[in-house]
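> my questions concern the predicted model and sequence given below.
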Amino acid sequence: MQELAEGWFSTFHKMEFPNLGEHCSEQTCNRLDFLPLKCDACEAIFCTDHISYTNHSCPSAYKKDVQVPVCPLCNAPVPQKRGDPPDLAVSMHIDSDCQSDVRKDKKIFSNKCSSKGCKVKEIVQVNCSDCGKNFCLKHRHPTDHACIGKEEAVRLKRLSALNKHSAVSQNDNRNNSTLFQNIQGTISEDEALARALQASLQDEGRNRRQGLQPVPSANRNRCRLS
């Protein structure tokens, strides 16, 4: 019944408006479409459901090359996955792989939002007054980015600084230990003992010289007279 009604509706409009709309060229469809689309490969008319090469088994699809977007900054072709929007691929290319002088000299939209999962970048920094992190305009308010608050932000900064200081100290200790092992490995035990004894004697002599005070000339003369 529904097919009969649709057929009558199509026939009625075709009689009333003979120049309006065209039938889909797909044999299994033949639907009257008032906004028909032409295939750019085989140039046949199809409805929106069969306009793609795959859906109407286009015999001329091989003539068309796969379009690859081009970066507007470095003019390099940007490969993309089939079905992905080209602007997404170009945006990811500019953020990571673009070798343009413009990108090197001036970072465009370099202020990335700190909200988890958000990839929006702004021209200027928009820092939260509580946690101090940078966010986009959409997530700039504390309630929009699950703000941790001032106290927690300060605690995390102190913890980060402490961990950084500890890592530097451990690195220095490892470097000193490696240097000592390298020096010790190039000389014998007797030579190492002799060098240590010589260094100790030099330190004692230096301390003794620093401890002696010059005798005034008047005192020296007094000693001779007596």
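Ah, there it is.

> quick one: A161 is in a strand?
No. A161: not assigned to a strand; according to DSSP: H, G, I helix; E, B strand; the rest coil it is helix.

> all strands for this protein, in order.
Here the chain has its strands, by DSSP state E, at 22-23, 32-33, 37-38, 45-46, 111-112, 121-122.

> between those strands, which one is nearest to R158?
strand 111-112 (24.4 Å; CB to CB). Every C-beta, even on glycine, is put in place using the N, C-alpha and C of the backbone.

> partner strands of the closest one, parallel or antiparallel?
Applying DSSP bridges, strand 111-112 is found paired with strand 121-122 (antiparallel).

> for the record, mean pLDDT for the partner strand?
Mean per-residue pLDDT for strand 121-122: 82.

> can you give the contact residues for it?
For strand 121-122, the surrounding residues in contact (CB atoms under 8 Å, 6 or more residues apart in numbering) are F109, S110, N111, K112, C113, C136, L137.

> okay if I get these as a markdown table plus pLDDT, distance to L156 and neighbour count?
Formatted as a markdown table, the contacts of strand 121-122 follow (pLDDT from 0 to 100; distance: CB to CB, whole Å; neighbours: other CB atoms under 10 Å):
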| residue | pLDDT | distance to L156 | neighbour count |
| --- | --- | --- | --- |
| F109 | 61 | 27 | 14 |
| S110 | 72 | 23 | 12 |
| N111 | 83 | 20 | 17 |
| K112 | 88 | 19 | 15 |
| C113 | 91 | 18 | 21 |
| C136 | 88 | 21 | 20 |
| L137 | 84 | 24 | 12 |
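
> farthest pair within these?
S110 and L137 (15.4 Å).

> looking at this protein, which helix or strand is least sure?
Scoring the helices and strands of the chain by mean pLDDT, DSSP states H and E places helix 2-16 at the bottom, with a mean of 46.

> of the strands of the chain, flag the one that's most buried.
strand 45-46 (a mean of 21; mean count of other CB atoms under 10 Å).

> now the strands of the chain in CSV, with distance to D84?
What follows is those, written out as CSV (distance: least, CB to CB, whole Å):
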stretch, distance to D84
strand 22-23, 32
strand 32-33, 28
strand 37-38, 22
strand 45-46, 24
strand 111-112, 21
strand 121-122, 20
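
> closest to V70 out of the ones you listed?
Nearest to V70, of the strands of the chain and by CB to CB, is strand 121-122 at 21.4 Å.

> thought I45 was touching K38, still the case?
Yes. At 5.8 Å, K38 and I45 qualify as touching, with contact defined as CB atoms under 8 Å.

> what about P79? Give its phi and psi, please.
Dihedral pair for P79: phi -70, psi 150, per degrees, to the nearest 10.

> what about it, how many neighbours?
P79 has 9 neighbours, counted by other CB atoms under 10 Å.

> what do you get for C47?
C47 has 22 neighbouring residues, counting by other CB under 10 Å.

> same thing with R31?
Residues near R31, counting by other CB under 10 Å: 18.

> one more: the one 5 residues further on?
Other residues near P36 come to 18 when the count uses other CB under 10 Å.

> could you find the closest non-adjacent residue to it?
E22 (4.3 Å; CB to CB, 6 or more residues apart in numbering).

> just grab the bridge partners of the one you found for me.
D33.

> residue contacts, it?
So E22 contacts L32, D33, P36, I45 (CB under 8 Å, 6+ apart).
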